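J.: model this:
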Amino acid sequence: FAANPFSDVTPSDWAYQSVSQLAAAGVINGYPDGTFRGQKNITRYEMAQMVAKAMANEARANAEQQAMINRLADEFSSELNNLGVRVANLENK
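T.: The predicted structure is shown next:
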């Protein structure tokens with residue numbers, strides 16, 4: 001794993017491995033002050049932004065991860081469209 005990307009996420013935190021992997025993949029960025037703020041609720045648009053970043057890196061994902069990305073893309077399709085992300089599954093309908 002890469003060096004700890006966020007000052008408020010420690011190796012003893014239950015989500016450290018996942019947060020580190022998502023940060024290394026460019027799916028999550030955290031806040032400008034170097035924090036992740038994992039206890040803070042996020043909006044649907046913030047989640048949609050993470051889904052869009054995951055979609056952009058989908059070629060690197062395994063089959064299980066791709067299936068999860070597709071389910072998330074369906075769930076957040078309205079927000080993704082508002083963010084300007086084209087969702088192929090919806091366009092095909």
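J.: going forward, measure contacts and count neighbours with C-alpha atoms only.
T.: Fine.
J.: Now do the contacts for Arg37.
T.: Asp8, Gly30, Tyr31 (CA atoms under 8 Å, 6 or more residues apart in numbering).
J.: How far off centre is stretch 21-30?
T.: Here stretch 21-30 shows a centroid-to-chain-centroid distance of 7 Å under the convention CA atoms, centre = their mean, to the nearest Å.
J.: Among the contacts of Arg37, pick out the one closest to Met55, please.
T.: Gly30 (18.3 Å; CA to CA).
J.: Okay, that closest one and Ala73: tell me how far apart.
T.: Counting by CA to CA, to the nearest Å, the gap from Gly30 to Ala73 is 21 Å.
J.: Comparing these two, which residue is more hemmed in?
T.: Ala73 (24 against 15; other CA atoms under 10 Å).
J.: Look at the residue lying closest to that one once chain neighbours are set aside and say how many residues are nearby.
T.: Once flanking residues are discounted, Ala73 sits nearest to Val51: 6.5 Å by CA to CA, 6 or more residues apart in numbering. Applying other CA under 10 Å, we find 26 residues neighbouring Val51.
J.: Quick check: Val51 touching Asn70?
T.: No. Using CA atoms under 8 Å, Val51 makes no contact with Asn70, being 9.1 Å away.
J.: Report the contact partners of the residue nearest to Ala73.
T.: With CA under 8 Å, 6+ apart, Val51 has these contacts: Val27, Ile69, Leu72, Ala73, Phe76.
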